[in-house]
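**Q** Here's a sequence, model it:
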Amino acid sequence: MAIQNIRWTAAFALLGALWSTGAAAQEQPEPRRIRIGVGPQLVPRYPGADGHVVRPFFDLALARGDTPFEFEAADESAGLSLLRAQGFSAGPAIGFEGARRTRDVPGVRSVGFTVEAGAFVQYSLAAPLRARLEVRQGIGGHRGLVGVASVDYIARDRDDWLFAIGPRVTASSGRYQRAYFGVPVASVAASGLPAFEPSGGVHAVGANASYLRQITPRWGVLAYGKYDRLIDDAAESPIVRRAGSRDQWSGGLALTYTFSRQPD
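**A** Here you go, the predicted model:
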């Protein structure tokens, strides 16, 4: 599952602003609008967990002049659009996956915190649909490959309000699934669980919905809810069946603040 733990969009958004508007700012000195959202979110402790933890929920969006802020799904990884053409965009993406400690599943090895680096491609279909594909490689932690395909239906009235909803399909490599859902033979005695070696493939299907409402010209609220259902090997994992849950819920609520900055 793509990380929902914290929105690290700020760094990418600022880089994107410098990339796409640095030269244009001299030709079209329109004010830059910035929207910052901060709040809590409730997410599974780790993929397949039954329990949840509260983590920060952060969002940052940039726009120029009276151009509406670009839509970003609350559950997508931070990304920087380096290629743009006729509704198509692509670039690097970075995500994060939480750790599973030894005490979470006694007798089974822990999985460290993982940085996931990769890329995304997205395309705006016939309005109001947007499709996106992310593929990320784990660095440390699970060290596996994970990909998320999504389609969002987007309804909005410029920046006054926005509602988006759409399906999600998450697939991963055997290494990822063995890290979170596998039980090595060496762990059978200590854990009391049967040995289990999952293979790669689709491991979750679900949906995400988000809602943004501007209450005043400066203040607004942003909320999202997401549900994933573990399937195939992930759903059959002894770890999930005994100590976890096939149903993976998450959600967040943030207060947003919008302000303008005049070009230098």
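**Q** rest of the way, CA atoms for contacts and neighbours
**A** Fine.
**Q** The nearest residue to Phe196 once chain neighbours are set aside: neighbour count?
**A** Among residues not flanking Phe196 along the chain, Val183 sits closest, at 4.8 Å (Cα to Cα, 6 or more residues apart in numbering). Neighbour count of Val183, defined by other Cα atoms under 10 Å: 23.
**Q** hey, what's Phe88 bridged with?
**A** When assigned by DSSP bridges, Phe88 has beta-bridge partners Ala85, Tyr123.
**Q** who are the neighbours in contact with it?
**A** Neighbouring residues of Phe88 by Cα atoms under 8 Å, 6 or more residues apart in numbering: Val121, Gln122, Tyr123, Ser124.
**Q** what do you get if the cut-off is 10 Å, keeping everything else the same?
**A** If you count contacts by Cα atoms under 10 Å, 6 or more residues apart in numbering, Phe88 has them with Ser81, Val121, Gln122, Tyr123, Ser124, Leu125, Arg130, Ala131, Arg132.
**Q** go on, Ala186?
**A** Applying Cα under 10 Å, 6+ apart, the residues near Ala186 are Gly107, Val108, Arg109, Ala195.
**Q** top of the residues you listed by neighbour count?
**A** When neighbours are counted by other Cα under 10 Å, Val108 leads the contacts of Ala186 with 25 neighbours.
**Q** hmm, back to that, so of the contacts of Phe88, which two are at opposite extremes in space?
**A** Greatest spatial distance among those (Cα to Cα): Ser81 and Leu125, at 17.1 Å.
**Q** Give the residue farthest from the middle of the protein.
**A** Ala189 (36.0 Å; Cα atoms, centre = their mean).
**Q** what's the helix or strand for that one?
**A** Element membership of Ala189, judged by DSSP states H and E, is helix 188-191.
**Q** residue ranges for the strands of the stretch 51-200 of the chain, please.
**A** 52-64, 78-79, 83-85, 88-97, 114-124, 129-139, 145-157, 161-172 (DSSP state E, counting those that start in this stretch).
**Q** So for Ser81 and Leu125, which residue has more residues nearby?
**A** Taking neighbours as other Cα under 10 Å, Ser81 and Leu125 compare with Ser81 leading, 21 against 14.
**Q** That one and Ile139, how far apart?
**A** Per Cα to Cα, to the nearest Å, Ser81 is found 22 Å from Ile139.
**Q** related to what we said a few turns ago, name the nearest of the contacts of Phe88 relative to Asp152.
**A** Arg130 (5.3 Å).
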